[in-house]
Each structure stands twice: as C-alpha cells, then as structure tokens.
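Asker: Predicted model, plus sequence, below.
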Amino acid sequence: MIDWVRLIISLAIPLLVGGLGGRVTSASLDDWYPTLDKPRWNPPNWVFPVAWTSLFLAMGVALYRVWGLGLDNSAVVWALILFASQLVLNTLWSVCFFGLRSPALALAEIVFLWLAVVATTVAMGRLDPVSWWLLAPYVAWVTFAGFLNAEIVRRNPRPAG
C-alpha cells in the first residue's frame with residue numbers, strides 16, 4: 001500500500017534541494033558560466049535541469065522505499081543520514097562552483113559528494129536492491145560531473161595574484 005504522505009515528502013525533499021541548487025546556479029548561467037572554456041563534450045545547458053530533475057525524482061523514490069522499511073532499523077537510519085549528507089554536499093557543490101564561481105573549490109568538494117553518493121547508494125542498495133538501481137545513474141552523473149569539473153579547472157587556470 002502506498003503511503004502518499006511519505007511519498008510526497010520523499011519526492012519533495014530532493015526536489016526542494018535541487019531547486020535550491022538551481023537557484024544558486026541560475027545566478028551565474030548567463031554572465032559567468034558562458035565565459036568559461038569548456039570541452040566539446042560539455043552538454044548543452046538544457047541537459048542539466050532535465051538530468052537533475054530525473055535524478056532527484058529517482059532519489060525521492062529510493063528515499064520513499066528505504067524510509068518505508070522503518071526507522072526502528074539502525075541500517076535504515078544510517079542510510080537516511082547518508083542520504084541527507086549527500087543532499088547537503090550536492091547543494092554545496094552548486095554554491096562552490098556557481099555561487100562562489102570557484103571551479104577549483106567545487107572540484108575538491110565533488111570528491112566528498114561522490115564518496116557520499118556512493119556510500120548512500122551502497123547503504124540503500126543493501127536494504128532495497130531497487131534503490132541501488134534508482135541511485136546508480138546518480139553515481140554515474142556525479143562521476144561525469146567530476147570529470148567535467150576537472151576539465152573546466154584545467155582549461156581555466158586561476159590568474160596569478
């Protein structure tokens with residue numbers, strides 16, 4: 001039986017976090033981000049909100065499934081703590097890259113984000129294999145984002161001084 005309240009909350013949490021990150025991002029999309037030297041394999045800007053919305057919805061479904069296993073289970077609680085941690089780190093990446101306009105700082109931060117996403121995927125996947133499949137594309141996307149971030153840093157060295 002679907003617990004509609006838990007489902008709505010589970011979907012809303014990552015979407016709201018994504019909205020916060022999107023708000024931080026949008027401030028730099030028109031004036032700063034276009035000035036960066038990016039590789040040819042950098043996706044067009046329209047791909048990012050589509051990809052992230054899909055990933056946040058999948059995260060929400062995984063959250064719903066694992067949360068439904070019960071908060072009396074310490075493994076569930078740990079998975080939810082990891083889930084919350086990766087959401088915080090996800091937003092922090094947007095703050096570093098777009099808000100502070102510091103691809104280098106964002107590159108350092110994305111290492112922690114990637115580790116948190118992998119840990120979350122493993123913890124949730126052990127409890128619910130469907131959640132592993134729901135979160136695996138997120139691992140892939142953050143991996144891709146890390147390589148893209150590194151290439152942007154390489155192509156846009158900070159000026160001296």
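Answerer: Alright, I've got the coordinates.
Asker: where in this structure is pLDDT low?
Answerer: 159-161 (pLDDT under 70).
Asker: and with 80 instead?
Answerer: By pLDDT under 80, the low-scoring segments of the chain are 158-161.
Asker: who's in contact with the residue nearest to the spatial centre of the chain?
Answerer: For the chain, the residue nearest the mean C-alpha position is residue 90 (4.3 Å; C-alpha atoms, centre = their mean). Residue 90 makes contact with 17-18, 21, 113, according to C-beta atoms under 8 Å, 6 or more residues apart in numbering. Placement of C-beta: from N, CA and C, glycine included.
Asker: Name the nearest of those relative to residue 57.
Answerer: residue 18 (9.4 Å; C-beta to C-beta).
Asker: Pretty sure that closest one sits against residue 56.
Answerer: Yes - the criterion here is C-beta atoms under 8 Å, and residue 18 meets it with residue 56 at 4.4 Å.
Asker: Give me the nearest residue to residue 52, chain neighbours excluded.
Answerer: residue 18 (5.6 Å; C-beta to C-beta, 6 or more residues apart in numbering).
Asker: where do the helices sit along the chain?
Answerer: Counting by DSSP state H, the chain has helices at residues 4-29, 47-67, 74-94, 103-127, 129-155.
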